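> Below are the sequence and a predicted model; questions follow.
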Amino acid sequence: MSDSLGVAVIGAGPYGLSIAAHLNRHDIDCRVFGKPMTTWRNHMPEGMLLKSDGFASNLSDPGNHYTLKAYCVRQGIPYDDLAIPVALQTFVDYACDFQRRLVTNLDERSVSEVAATSDDFKLRLDDNQKVRAQRVIVAVGIAHFAHMPLELAALPAELVSHSSAHRNVQKFAKRDVTVLGAGASAVELAALLHESGANVRLVVRGNVIRFGSVPRTGGPSPWQKIRYPQSGLGPGIRSKLACELPDLFHLLPQSLRLNIVRRHLGPASAWHLQPRVVGKIPMMLGHKIDNLKIVGDRIELNLQTMEGQKVVVETDHVIAATGYRADIDRLAFINECLRSRIRVTGKMPSLSRHFECSVPGLFFVGNAAAATFGPLMRFAYGCSFTAQRICARVTVGIQELQKS
């Protein structure tokens with residue numbers, strides 16, 4: 001091996017950068033692999049506004065000095081904890097500034113394979129160089145887990161795609177596009193398509209599209225604070241509990257944990273999207289795909305309403321804004337032999353209270369940790385809890401190795 005280190009962090013998104021910032025504070029021999037904010041740069045549409053509030057969009061550093069608010073103040077960018085939506089570009093620029101200041105130990109090469117030895121881990125990089133690491137933290141983005149319905153997965157990419165494939169929607173100007181889904185990514189993408197000159201419609205299985213409440217001038221009333229306490233996942237008692245008690249979530253029965261992760265914070269959009277789509281974009285509520293077929297260079301969707309009525313839509317392109325589902329088998333860079341040793345909850349790795357999986361020294365964070373610690377792990381707000389917890393474990397482990 002041409003290189004060795006104490007900790008390899010795979011992924012330079014909010015979680016990977018936050019963890020590295022904490023490890024660096026303790027002088028742990030650490031390196032982060034990957035280009036910073038790849039998922040946010042390449043798989044989110046230009047012009048997007050974050051669903052998370054400003055106060056809930058921070059990366060984590062040990063002193064809590066490098067917040068989004070502090071960055072916006074330095075840059076002269078308007079900011080408010082609740083009332084001003086965070087622009088995607090602002091969030092990306094903030095995270096990259098965080099990286100330049102606190103995570104200089106960044107290696108922009110990607111990891112193409114991770115395998116385990118009897119003593120440590122072997123990483124093969126995209127230039128075929130090999131690295132050894134005593135600990136590996138998998139902090140990859142959600143792009144690995146894009147979910148495409150089976151009836152659409154086999155169709156050609158020029159006709160059907162996932163929402164994560166579209167950084168720029170200008171190519172759809174003057175074309176007919178059908179977006180499937182009722183969540184934030186579906187509604188945001190539909191708004192951007194409409195504003196870019198596309199003829200766009202939303203097809204939704206349910207009978208309603210939910211939007212958040214417009215922030216109240218002067219903040220929430222005393223009653224609202226009690227009934228709908230503010231949290232990093234939005235207002236509500238369940239979201240507050242998800243943020244405050246991830247360790248309690250860890251103790252729940254497996255089936256209950258999976259059910260909560262699947263159902264909590266179902267399809268919903270930020271308040272600021274409502275005026276951009278309501279009355280401007282056709283919304284086909286209560287429609288599901290019965291079957292579909294290719295007709296020339298277009299695609300024909302045969303839909304069925306809740307009442308059983310048949311509806312046919314012919315369109316140039318279908319975008320499935322159907323979310324993300326964490327699945328250990330989607331992480332192909334983890335050697336198959338190593339993957340087979342990882343115990344799972346559903347399709348996500350089963351983790352200790354320190355984010356360590358059944359293979360000692362191998363950790364998973366972000367979406368892959370949701371089955372263990374709950375919905376908090378699906379948002380940047382979970383960075384602080386994760387970075388502090390995992391840093392405490394890794395620091396002790398590395399120090400013990402050094403003593404031995």
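Here it is on my side, so go on. Residues are numbered from 1 along each chain as shown.
> Please make it C-alpha for all contacts and neighbour counts, starting now.
Fine.
> number of nearby residues for residue 149?
Taking other C-alpha atoms under 10 Å as the criterion, the count of residues near residue 149 is 10.
> and it, what does it touch?
Shown in contact with residue 149 (C-alpha atoms under 8 Å, 6 or more residues apart in numbering): 320, 322.
> Domains in the protein, by residue range?
4-145+324-403, 150-211+268-320 (automatic domain parsing).
> For burial, what's the neighbour tally of residue 176?
By other C-alpha under 10 Å, 18 other residues sit near residue 176.
> Leaving out chain neighbours, which residue sits closest to it?
In space, residue 176 comes closest to residue 199 once its chain neighbours are excluded; the distance is 4.7 Å by C-alpha to C-alpha, 6 or more residues apart in numbering.
> And the one you found, how far from residue 166?
16 Å (C-alpha to C-alpha, to the nearest Å).
> In terms of neighbours, single out the busier of these two.
Remark: of residue 199 and residue 166, residue 199 carries more neighbours, 20 against 17, as counted by other C-alpha under 10 Å.
> surely that one meets residue 174?
Yes - if you go by C-alpha atoms under 8 Å, residue 199 and residue 174 touch, sitting 6.4 Å apart.
> those helices in the chain, which residues are they?
14-25, 38-42, 68-75, 88-102, 150-153, 184-195, 222-227, 237-244, 246-251, 254-263, 274-277, 336-339, 370-373, 383-403 (DSSP state H).
> Highest mean neighbour count out of those?
helix 370-373 (a mean of 30; mean count of other C-alpha atoms under 10 Å).
> show me what contacts the residue nearest to residue 176?
173-177, 193.
> My read is that residue 137 contacts residue 9, right?
Yes - between residue 137 and residue 9 there is a contact under C-alpha under 8 Å: 4.7 Å.
> end to end, how far does stretch 357-375 reach?
Start-to-end span of stretch 357-375 (C-alpha to C-alpha) is 18 Å.
> Give the rounded mean pLDDT of it.
Regarding stretch 357-375, the rounded mean pLDDT is 96.
> got it, and stretch 125-142?
Across stretch 125-142, the average pLDDT comes to 95.
> Tell me the buried residues in that stretch?
125, 130-142 (16 or more other C-alpha atoms under 10 Å).
> Inside strands: which ones of those residues?
With DSSP state E as the criterion, strands contain 125, 130-138 from among those.
> Now that we have the residues you listed, can you turn them into JSON lines and tack on distance to residue 342?
Output for these, formatted as JSON lines (distance: C-alpha to C-alpha, whole Å):
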{"residue": "125", "distance to residue 342": "22"}
{"residue": "130", "distance to residue 342": "23"}
{"residue": "131", "distance to residue 342": "21"}
{"residue": "132", "distance to residue 342": "20"}
{"residue": "133", "distance to residue 342": "18"}
{"residue": "134", "distance to residue 342": "17"}
{"residue": "135", "distance to residue 342": "15"}
{"residue": "136", "distance to residue 342": "14"}
{"residue": "137", "distance to residue 342": "14"}
{"residue": "138", "distance to residue 342": "13"}
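> and of the residues you listed, the nearest to residue 349?
residue 138 (11.1 Å; C-alpha to C-alpha).
> Surely residue 250 is in contact with residue 354?
No - if you go by C-alpha under 8 Å, residue 250 and residue 354 don't touch, sitting 10.8 Å apart.
> Contact partners for the closest residue to residue 210 other than its chain neighbours?
Sequence neighbours aside, residue 268 is the residue nearest to residue 210 in space, at 4.8 Å (criterion: C-alpha to C-alpha, 6+ apart). Listed by C-alpha under 8 Å, 6+ apart, the contact set of residue 268 reads 182-184, 209-212.
> do that again at 6 Å, thanks
By C-alpha atoms under 6 Å, 6 or more residues apart in numbering, the residues touching residue 268 are 183-184, 210-211.
> same thing with residue 103?
Residue 103 is in contact with residue 21, counting by C-alpha under 6 Å, 6+ apart.
> Read off the pLDDT value for it.
pLDDT, residue 103: 97.
> gap between it and residue 41?
Distance from residue 103 to residue 41, by C-alpha to C-alpha: 18 Å.
> swap in residue 146?
Going from residue 146 to residue 41 by C-alpha to C-alpha gives 16 Å.
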